[in-house]
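*Asks:* coordinates only, no sequence provided:
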């Protein structure tokens, strides 16, 4: 039995006939032209055809990829780069505690630096370098100064003093390199 689009919309319990008209005009719903150009639909199997056109996804659902949050990620799902390095992603609370601990350490260092309790490494290294160089220079000058103050020293004795000072400096340099 043939029925109009309006009657079909009533049977399908549609609130608006617009969606049914669009499906008919696009050719998705089979219809015939009635007298005066009225579009008519077959009543038998109308619901099944409507559902086939409007709900094709319900008949063959596509598998959806589950959405996984970073917080929900299991430890074994570590990113490949982290796996290569052997990293393990810590739990959220553990990670947050580490962050807070490091932040507190940085604030403590800033406070000590502002109070003048900390000195930059470069400053310490350059100061020590100057001090060691000055000490080395003064020690190497001991044999010649001894010759000036003790004029009866022979050149052999001055050379012995020079060798002793150099051996002592070499021992100190070797000890410092080992530690």
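*Replies:* Great, that's in hand. Bear in mind the structure is a predicted one, so any value in this text is a computation, not a measurement. Numbering: from 1, shown residues only.

*Asks:* ok, residues contacting stretch 140-159?
*Replies:* Stretch 140-159 is touched from outside by 161-162, 165-166, 169, with contacts defined as CB atoms under 8 Å, 6 or more residues apart in numbering. (Each C-beta comes from the backbone N, C-alpha and C, glycine too.)

*Asks:* run the last query once more with 7 Å
*Replies:* Stretch 140-159 is contacted from outside by 161-162, 165, using CB atoms under 7 Å, 6 or more residues apart in numbering.

*Asks:* tell me the one among these nearest to residue 53.
*Replies:* Distance to residue 53, by CB to CB, is smallest for residue 165 among the contacts of stretch 140-159, at 103.7 Å.

*Asks:* secondary structure class for that closest one?
*Replies:* On the three-state scheme (DSSP: H, G, I helix; E, B strand; the rest coil), residue 165 is labelled helix.

*Asks:* what strand or helix carries the closest residue to residue 90 other than its chain neighbours?
*Replies:* Sequence neighbours aside, residue 98 is the residue nearest to residue 90 in space, at 7.1 Å (criterion: CB to CB, 6 or more residues apart in numbering). If you go by DSSP states H and E, residue 98 is part of helix 92-115.

*Asks:* next structured bit after that helix?
*Replies:* Heading C-terminal from helix 92-115 (DSSP H and E), you reach helix 121-140.

*Asks:* so how far is that next one from its chain's centroid?
*Replies:* 43 Å (CA atoms, centre = their mean, to the nearest Å).

*Asks:* what's downstream of that helix, the next helix or strand?
*Replies:* helix 142-149.

*Asks:* which positions in that next one come out as buried?
*Replies:* By neighbour count, and taking 16 or more other CB atoms under 10 Å as the criterion, the buried residues in helix 142-149 are 143, 147.

*Asks:* just stretch 153-167 next, same as before
*Replies:* Neighbour counts over stretch 153-167 (16+ other CB under 10 Å) mark 158, 161-162, 165 as buried.

*Asks:* for those residues, which one is nearest residue 88?
*Replies:* Set against residue 88, the nearest of the buried residues of stretch 153-167 by CB to CB is residue 165 (56.3 Å).

*Asks:* so that closest one makes contact with residue 139?
*Replies:* Yes - using CB atoms under 7 Å, residue 165 and residue 139 qualify as a contacting pair, with a distance of 5.2 Å.

*Asks:* got the contact list for the one helix or strand residue 21 maps to?
*Replies:* Residue 21 belongs to helix 18-26 when assigned by DSSP H and E. If you take CB under 7 Å, 6+ apart as the criterion, helix 18-26 is touched by 5, 8-9, 12, 14, 29, 31, 39, 53.
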